[in-house]
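**Q** got a sequence here, can you model it:
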Amino acid sequence: MTKQNVSDPKSGVNSTMYGAAVAMQPPAPPGSYINISRKTLVETNGGPRINSWVDSMRASSPTHHMSTFLSEDKTSWMVHHPSALDMFEDIISASKGKQIVMFLDYDGTLSPIVDDPDQAFMSDAMRGTVRKLARYFPTAIVSGRCRDKVYSFVQLAELYYAGSHGMDIEGPSKGSKYKKGAQAVLFQPASEFLPMIDEVYKELLDKTKSTEGVRVEDNKFCVSVHFRCVDEKKWGELALQVRSVLKEYPKLRLSQGRKVLEIRPIIKWDKGKALEFLLQSLGYASCADAFPIYIGDDRTDEDAFKVLRERGQGFGILVSKTPKDTHASYSLQEPSEVMTFLRRLVVWKRLSFKRHPKIHKQLEG
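**A** Just a heads-up that it's a prediction; the model follows:
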C-alpha cells in the first residue's frame, strides 16, 4: 500500500493549534474519564487539591461495593441502554440499505481487563471472529494503546488501526475492497509532539520508580500511568509524582480513567474525530451511505458515541456490567458478549449473500 499523509480540514488540527485545558470537574460517576486542569497541576503543592484529585481517582476506579450499589439501578438503566443482542434485529433493520462499518475498542472490548497491560491478549476465538467480520465489513480498531502494540495483539493485516486515541491511524496493507475511492491512510496529527512525549515517558519512569505496582506505558503519542496494582494509600504520592513532571509541559494535558492516568497533547483530536476521519477516508462521508457501529468500554469511547448521536448515524454500544452515564444507545456485558454480537453480524451477512454467490465467493476468497 502506498502511504500518504492526509490532513482533515474539518478537524482544525495543525502544527500550531492547541485546545484549551479542561477545567477540574467534580468527582464523576464510576468508570468516567476526568480531565485535570493546568491550574490544579501547577498552582498547588498538595493539600486539598491533591486530595480532590485522589477522590476523583477513586470515583473513576469504582470498588466492588460501589459496583454492587449501582447494580440496583441496572433495570432502569437497561431500559435506556438495552442489550445489543436482544435488539439485534432492530439494529439490522436500522442499517437497511447502508454499509455497516465497524469500530472496536481493544482493552475491555476485544480482550478482558487485566492487571498487566502487556498481558491483555485476545483469545484465538475472538481473533477468528474479527477476521471473519472484516471479510464483510470495513473494520477498525480504535484504542488508546500504541498502534504497533495493538497490532501485535490483534495480528490482522486487513483492519484499520487507530492508536493513541486516534492520533496514529493507518489503513490495511491490502487496501479497501468495500468502496471505490477509499484512500490509503497514514495520519498522525500530533507528530510534532513525539520528542516531548518520549521525554515525559522517561521522566515518569524515573519519577514513579519508587511507587510499587505502578506501570508506565509508552503509547507513542501519549503516556499511560497504570495504578491498578498500586496500594490505594499510595495514590496521593503517585498523583504528586505525575504532577511534578507534567507541570513543566504546558502543551500536554492529563486525564484519568479506570485506574489509569493518561498524558497526551492538547489538540482537538479524539476517538470521535478519528471515527469521522476514517469514515471520510473510506468514502463514507455521507450519512446516507454508511451505518457505523462503535463498540467500546472506556470513557474515551464516549467521544465516538457522541459523534454518532449528533450525526444521527449508526449506534454506539457500551461494554459494561454496571450502569454508567453514556452516549451509547445499546450495551453489552463483557467481551464474550461482544464476540457473540460480532458472530451474529457475520452470520446475518452470510445469509444475506445467498442470492449473490459471486459476491460471497469474492469476499470469502
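**Q** could you use CA atoms for every contact and neighbour count after this?
**A** Will do.
**Q** who touches the biggest helix by length in the chain?
**A** Longest helix in the chain by number of residues (criterion: DSSP state H): helix 335-352. Helix 335-352 is contacted by residues 84-85, 88, 108-112, 126, 129-130, 132-133, 136, 319, 332, 360 when judged by Cα atoms under 8 Å, 6 or more residues apart in numbering.
**Q** so which of those residues are in helices?
**A** Checking the contacts of helix 335-352 against DSSP H, those in helices are Phe88, Met126, Thr129, Val130, Lys132, Leu133, Tyr136, His360.
**Q** wait, isn't the second one in contact with Thr109?
**A** No. Under the contact definition of Cα atoms under 8 Å, Met126 does not touch Thr109, with a separation of 10.2 Å.
**Q** any idea how far the residue nearest the centre of the chain lies from Asp297?
**A** Closest residue to the average C-alpha location of the chain: Ser143 at 4.1 Å, with Cα atoms, centre = their mean. In this view, Ser143 and Asp297 are 11 Å apart by Cα to Cα, to the nearest Å.
**Q** overlap in contacts of the two?
**A** Contact criterion Cα under 8 Å, 6+ apart; residues bridging Ser143 and Asp297 by contacting each: Asp105, Asp107.
**Q** where does the chain dip in pLDDT?
**A** For the chain, applying pLDDT under 70 flags the ranges 1-53, 55-56, 58-72, 173-184, 355-365.
**Q** the helices in it, which residues?
**A** Here the chain has its helices, by DSSP H, at 38-42, 48-59, 64-71, 74-80, 88-94, 124-136, 147-154, 194-207, 235-246, 271-281, 302-311, 335-352, 357-364.
**Q** relative to Leu186, which of these is closest?
**A** Ranking those by proximity to Leu186 (Cα to Cα) places helix 271-281 first, at 10.3 Å.
**Q** pick the most buried one from the helices of the chain.
**A** Comparing the helices of the chain by mean neighbour count (mean count of other Cα atoms under 10 Å), helix 271-281 comes out on top with a mean of 21.
**Q** ok and it relative to helix 302-311, angle-wise?
**A** Angle of helix 271-281 versus helix 302-311, following axes from the mean of the first three to the mean of the last three Cα atoms, to 10 degrees, is 60 degrees.
**Q** report all helices and strands that helix 271-281 contacts.
**A** Judged by 3 or more Cα pairs under 8 Å, 6 or more residues apart in numbering; DSSP states H and E, helix 271-281 is in contact with helix 302-311.
**Q** who does the helix it packs on touch, helix- and strand-wise?
**A** Here helix 302-311 touches helix 271-281, strand 290-296, strand 315-319, going by 3+ Cα pairs under 8 Å, 6+ apart.
**Q** redo those as TSV? Include distance to Glu192.
**A** TSV is the format used below for the helices and strands packed on helix 302-311 (distance: least, Cα to Cα, whole Å):
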stretch	distance to Glu192
helix 271-281	18
strand 290-296	28
strand 315-319	32
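**Q** my guess is Ser143 contacts Ile169. True?
**A** No. Using Cα under 8 Å, Ser143 is not in contact with Ile169, being 10.3 Å away.
**Q** that older thread, and of the helices of the chain, who's closest to Asp116?
**A** Smallest distance to Asp116 across those (Cα to Cα): 13.8 Å, for helix 147-154.
**Q** elements contacting the closest one?
**A** strand 160-163.
**Q** the strand it packs on: partners in the sheet, and parallel or antiparallel?
**A** Within its sheet, and counting by DSSP bridges, strand 160-163 is paired with strand 139-142 (parallel), strand 168-170 (antiparallel).
**Q** no more questions from me, cheers.
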